[in-house]
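J.: can't give you the sequence, but here's the structure:
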């Protein structure tokens, strides 16, 4: 939500440890998820808000290269979820951006992008000993991608209603849940991680 004259998902407030206002700004694609980390390895924390990386004073360090200088629909193209991780000392993130799934690096370069029917949430884990991105879309399908962008699975996980589907459950699926998946890291001794799926009834392990 937002209040006039701000766009959807804005403004974002940065406070210091004394709860003093440091920054109050709008950011492109701001939505429901941020990442705080030393993303550019300069010894200071940065914040990925929407499609922009900002420092702790709220100053924009970069905008995703494919969106820099462009206008977006803040309601239909905001960031729903960010999953970030490090591989061999390099930072990457997978962004579920309402109409597109982005895979980016620490410089704000889009390594690949997929048009999807409202990517809502994603997790990054190991499957058959390689990293993969599992995406839950709000509508229609789920997807699994290798980090080189190849799609390796598309479908819907089954519903799980062991005592019957209650009449209060909304018809159709997937239902719109902000956090439908949790990754279970099975450790280096296992070739695959697990996912707890919570959106189609009682939670279960995949």
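T.: Sure thing, it's come through. Source: prediction; values computed, not measured.
J.: Would you mind measuring from residue 48 to residue 34?
T.: To residue 34, residue 48 is 6 Å away according to Cβ to Cβ, to the nearest Å. Where C-beta positions appear, they are placed from N, C-alpha and C, glycine not excepted.
J.: More neighbours: those two, which one.
T.: residue 48 (27 against 15; other Cβ atoms under 10 Å).
J.: Using the three-state scheme, assign that one.
T.: With DSSP: H, G, I helix; E, B strand; the rest coil as the basis, residue 48 sits in strand.
J.: which phi and psi does the nearest residue to residue 115 once chain neighbours are set aside have?
T.: Spatially, and ignoring its direct neighbours in sequence, residue 115 is nearest to residue 100 (5.8 Å; Cβ to Cβ, 6 or more residues apart in numbering). With angles defined as degrees, to the nearest 10, residue 100 sits at phi -140, psi 150.
J.: count of neighbours near residue 100?
T.: If you count neighbours by other Cβ under 10 Å, residue 100 ends up with 17.
J.: How much space separates it from residue 186?
T.: Going from residue 100 to residue 186 by Cβ to Cβ gives 30 Å.
J.: can you list contacts of the helix or strand harbouring residue 134?
T.: In the assignment (DSSP states H and E), residue 134 maps to strand 130-137. Contacts to strand 130-137, defined as Cβ atoms under 8 Å, 6 or more residues apart in numbering, come from residues 83, 85, 87, 94, 96, 101, 103, 116-126, 142-147, 152, 174, 180-181, 195, 199.
J.: Show me how to select, in ChimeraX, the buried members of the residues you listed.
T.: Applying 16 or more other Cβ atoms under 10 Å to the contacts of strand 130-137 leaves a buried subset, and the ChimeraX line that selects it is:
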select :83,94,96,101,103,116,118,119,120,121,122,123,124,125,126,142,143,144,145,147,174,180,181,195,199
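J.: which neighbours do residue 48 and residue 34 share?
T.: Residues touching both residue 48 and residue 34 (Cβ under 8 Å, 6+ apart) are residue 82.
J.: Hmm, the residue nearest to residue 115 is touching residue 117, no?
T.: No - using Cβ atoms under 8 Å, residue 100 makes no contact with residue 117, being 10.6 Å away.
J.: related to what we said a few turns ago, mind listing what's buried along the strand holding residue 134?
T.: By 16+ other Cβ under 10 Å, the buried positions in strand 130-137 come out as 131-137.
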